[in-house]
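Peer 1: Okay, predicted coordinates and the sequence, questions at the end:
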Amino acid sequence: MAAARVDLDGRPIRPMTICMIGAGGFIGSHLCEKLLMETPHKILALDVYNDKIKHLLEPDSLHWSDRIQFHRLNIKHDSRLEGLIRMADLTINLAAICTPADYNTRPLDTIYSNFIDALPVVKYCSENNKRLIHFSTCEVYGKTIGSFLPKESPLRQDPSYYVLKEDDSPCIFGPIEKQRWSYACAKQLIERLIYAEGAENGLEFTIVRPFNWIGPRMDFIPGIDGPSEGVPRVLACFSNNLLRREPLKLVDGGQSQRTFVYIKDAIEAVMLMIENPARANGQIFNVGNPHNEVTVRQLAEMMTEVYLKVSGEPPIESPTIDVSSKEFYGEGYDDSDKRIPDMTIINRQLGWNPKTSLWDLLESTLTYQHRTYADAVRKAMANPIPSS
Ligand SMILES: NC(=O)c1ccc[n+]([C@@H]2O[C@H](COP(=O)([O-])OP(=O)(O)OC[C@H]3O[C@@H](n4cnc5c(N)ncnc54)[C@H](O)[C@@H]3O)[C@@H](O)[C@H]2O)c1
Ligand SMILES: O=c1ccn([C@@H]2O[C@H](COP(=O)(O)OP(=O)(O)O[C@H]3OC[C@](O)(CO)[C@H]3O)[C@@H](O)[C@H]2O)c(=O)[nH]1
C-alpha cells in the first residue's frame, strides 16, 4: 500500500476538490498533469479551451478519468461559476490575458481580464469561505529602483537596488500613455483587493508572482497552432524563428534582463502551496530562479546553440536581428529592465528551491518544440497560404 501523504508538518493531507480556472493554459496544463499523476485530488477544470489538456481528458480508460471534469466556460459571463467554486475546497485562478503584445494594443481587454473578470472569483471565494490561490505576476514590481540611477553609478551593482522583495520593493510603472503597464496595474489592484478581503473579511488567500516560467506547451507557434500574425511570449517567438530558420528578433537590442524558471520546478512550488495551507495562507510568493539570469540577447544566443544541438541543423548566416519596440509591439510599449526574485519568503514558508539550470530547461523544452512542430513548420513553409 502507498504511504499516506503528509504535509510539511507531518500532518496527513486529505484529498480535496480544486476548481482550477484557466486550467487549459500553459501553467494549468502542467498543474493538472501533476495533480492527476501524483495526488488523489479532484479537479474541476474551467477554461474556454482544452487543447493543452486533451491528453488528460480523452482516454476514458486512464485511472484518473473520474478525478478531472472539464467545464468549457468563459468566466466573464457564466452563471455556473459560483456553483463550481462552492463545490470545491480550493479555487486556483490562472485565467488572464498575459502576453505583452496585448497590453498596449488591447489595453481594455487586458484590464477587464486581469481585474474586472477576477472580481467575481474573489467575491465568491470570500462569501463562501473558500480558499483562493490567485496568479498575479512579477510585473507588479515594474521597473527596478536601480534603473533610475545614472548608468555609471556603482549603486547599480548593489542588490538592494534591483532584487525584488514581496514585502519591501515598490511597484514602479511608467506613465499612463505607456499602456504596457495596463496589465501590471490591473494585477496590482486585484492583489490589493484580495489582500483587503483577507484583512477585512477573513478570505484565506495565497498570491503567486511567477517570474518567467517557461517550458513545453507555452503559448503557440504563429501560423501552426495560433494566428499567423500573433505575437506570443519570448520563448515561443524565438522557437518560431528557430523552427523557420530565420533570425531571432531582439527588441531594442535585447538588453532587458530576465530570470527564467523551468515550469516543472515552479509547479513543485504550487503543489507545496496547495497542500500546506497553514504555511501558504495570507502569503504573497515570488516564484522564480534567481540563478538563471540572462539578457534577452544572451537568451537568443543560448537558444540558438541549444536548438542547433537538438535539431542537428546547421547555423544560419545572421542568427539575430535588432528591431525597435515600436516596430515589434507598436505604440505604448515599455519594458521591465531586470527581474531577480528574492526567495526568502518562499524558502522560509515552504522550503522550496528551483533546481533546473537555464541550459537544461532549454534543452528539454527545445527538444519538445522540435519534435512537436518541425514537420508542421516545414510543410507550412513549403505550401504557404496565398494572401487574398
Ligand atoms: N507563464 C508565466 O511565466 C507567467 C508569468 C507571470 C504571470 N503569470 C500568470 O499566470 C497565469 C497563467 O499564465 P499562463 O502562462 O498559463 O497563461 P495562458 O494564457 O497559457 O493561460 C491562461 C488560460 O486562461 C484562460 N482564460 C483566459 N480568460 C478566460 C476567461 N474569461 N474564462 C475562462 N478561461 C479564460 C485561457 O484560455 C488560457 O487557457 C496568468 O494569470 C498569468 O498572468 C504567468
Ligand atoms: O521576439 C521577441 C520577443 C520578446 N522579446 C523581449 O523579451 C523580453 C521578454 O518578453 P516576454 O517573455 O514576451 O514577456 P515579459 O517577460 O516582458 O512579460 C511577461 O512576464 C511575465 C508575464 O506576466 C506573463 O508571462 C508577462 O507579462 C522582453 O524584453 C521583450 O521585449 C524580444 O526581444 N524578442
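Peer 2: Looks like it arrived, so ask away. Numbers count the residues shown, from 1 in each chain. Ligands and ions are numbered 1, 2, ... in the order given.

Peer 1: what does the stretch 1-150 of the chain have sitting close to ligand 2?
Peer 2: With CB under 6 Å from any ligand atom as the criterion, the stretch 1-150 of the chain comes near ligand 2 at residues C98, P100, T137, C138, E139. Placement of C-beta: from N, CA and C, glycine included.

Peer 1: Now the buried members of these.
Peer 2: Buried members of these, scored by 16 or more other CB atoms under 10 Å, are C98, P100, T137, C138, E139.

Peer 1: Pull the contacting residues for the first one.
Peer 2: What it means is C98. N114, T137, Y183 (CB atoms under 8 Å, 6 or more residues apart in numbering).

Peer 1: Check these against ligand 2 and report the nearest one.
Peer 2: Closest approach to ligand 2 among those (CB to the nearest ligand atom): T137, at 3.6 Å.

Peer 1: Tell me if I'm right that that closest one and W213 touch.
Peer 2: No: look at T137 against W213 with CB atoms under 8 Å: they stay out of range, at 10.5 Å.

Peer 1: ok, which pair from the residues of the stretch 1-150 of the chain next to ligand 2 is furthest apart?
Peer 2: P100 and C138 (12.5 Å; CB to CB).

Peer 1: could you point out where this protein is predicted with low confidence?
Peer 2: 1-2, 59-61, 386-388 (pLDDT under 70).

Peer 1: Of all residues in it, which one is nearest the centre?
Peer 2: For the chain, the residue nearest the mean C-alpha position is W213 (5.3 Å; CA atoms, centre = their mean).

Peer 1: Give me the phi and psi for it.
Peer 2: The phi/psi pair for W213 (degrees, to the nearest 10) reads phi -80, psi 130.

Peer 1: gap between V287 and ligand 1?
Peer 2: Distance of V287 to ligand 1, computed by CB to the nearest ligand atom, to the nearest Å: 9 Å.

Peer 1: Now N114: closest residue in space that isn't a chain neighbour?
Peer 2: A186 (3.7 Å; CB to CB, 6 or more residues apart in numbering).

Peer 1: Pretty sure A4 sits against R14.
Peer 2: No: A4 is beyond contact range of R14, at 10.2 Å (criterion: CB under 8 Å).

Peer 1: Settle it for me: which of the two has more neighbours?
Peer 2: More crowded of A4 and R14, by other CB atoms under 10 Å: R14, with 11 against 7.

Peer 1: Helix, strand, or coil at the more buried one?
Peer 2: In three-state terms, and counting by DSSP: H, G, I helix; E, B strand; the rest coil, R14 is coil.

Peer 1: can you check V294 too?
Peer 2: strand.

Peer 1: Hmm, it is touching K338, no?
Peer 2: No: between V294 and K338 there is no contact under CB under 8 Å: 11.0 Å.

Peer 1: Show me the residues of the stretch 1-150 of the chain next to ligand 2 that map onto helices.
Peer 2: Of the positions in these, P100 sit in helices, assigned by DSSP state H.

Peer 1: With respect to L242, which of the residues of the stretch 1-150 of the chain next to ligand 2 is nearest?
Peer 2: When these are compared against L242 (criterion: CB to CB), the nearest one is P100, at 19.9 Å.

Peer 1: what sits against that closest one?
Peer 2: R180, Y183, R233, Y329, Y333.

Peer 1: Most neighbours out of those residues, which is it?
Peer 2: Y183 (26 neighbours).

Peer 1: any idea how far G215 is from A184?
Peer 2: 23 Å (CB to CB, to the nearest Å).

Peer 1: What of F70?
Peer 2: The value you get for F70 to A184, if CB to CB is used, is 31 Å.

Peer 1: quick one, which of these two is more surrounded?
Peer 2: Per other CB under 10 Å, whichever of F70 and A184 has more neighbours is A184, with 25 against 18.

Peer 1: hang on, the more buried one packs against G174?
Peer 2: No: A184 lies out of contact with G174 (CB under 8 Å); the separation is 9.5 Å.

Peer 1: shared neighbours of those two, which are they?
Peer 2: Common neighbours of A184 and G174 (CB under 8 Å, 6+ apart) are G142.

Peer 1: Which positions within stretch 36-55 qualify as buried?
Peer 2: Under 16+ other CB under 10 Å, the buried positions of stretch 36-55 are L36, T39, H41, K42, I43, L44, A45, L46, D47, N50, K52, I53.

Peer 1: Using PDB, write down the CA coordinates of that stretch.
Peer 2: What follows is stretch 36-55, C-alpha atoms only, in PDB (Å, rounded to 0.1, in the frame of the first residue of the first chain):
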ATOM      1  CA  LEU A  36      -3.600  13.800 -11.500                       C
ATOM      2  CA  MET A  37      -0.400  11.800 -11.700                       C
ATOM      3  CA  GLU A  38       0.900  12.300  -8.100                       C
ATOM      4  CA  THR A  39      -2.100  13.100  -5.800                       C
ATOM      5  CA  PRO A  40      -5.600  11.900  -5.100                       C
ATOM      6  CA  HIS A  41      -7.100  15.400  -5.600                       C
ATOM      7  CA  LYS A  42     -10.000  16.100  -7.900                       C
ATOM      8  CA  ILE A  43     -10.000  18.900 -10.500                       C
ATOM      9  CA  LEU A  44     -12.900  20.900 -11.800                       C
ATOM     10  CA  ALA A  45     -11.100  22.300 -14.900                       C
ATOM     11  CA  LEU A  46     -12.600  25.500 -16.300                       C
ATOM     12  CA  ASP A  47     -11.400  27.200 -19.500                       C
ATOM     13  CA  VAL A  48     -12.600  28.400 -22.900                       C
ATOM     14  CA  TYR A  49     -10.100  26.000 -24.500                       C
ATOM     15  CA  ASN A  50      -8.900  22.500 -23.600                       C
ATOM     16  CA  ASP A  51      -6.300  21.600 -26.400                       C
ATOM     17  CA  LYS A  52      -3.400  21.600 -23.900                       C
ATOM     18  CA  ILE A  53      -5.200  19.200 -21.500                       C
ATOM     19  CA  LYS A  54      -6.800  16.900 -24.200                       C
ATOM     20  CA  HIS A  55      -4.300  14.100 -23.300                       C
END
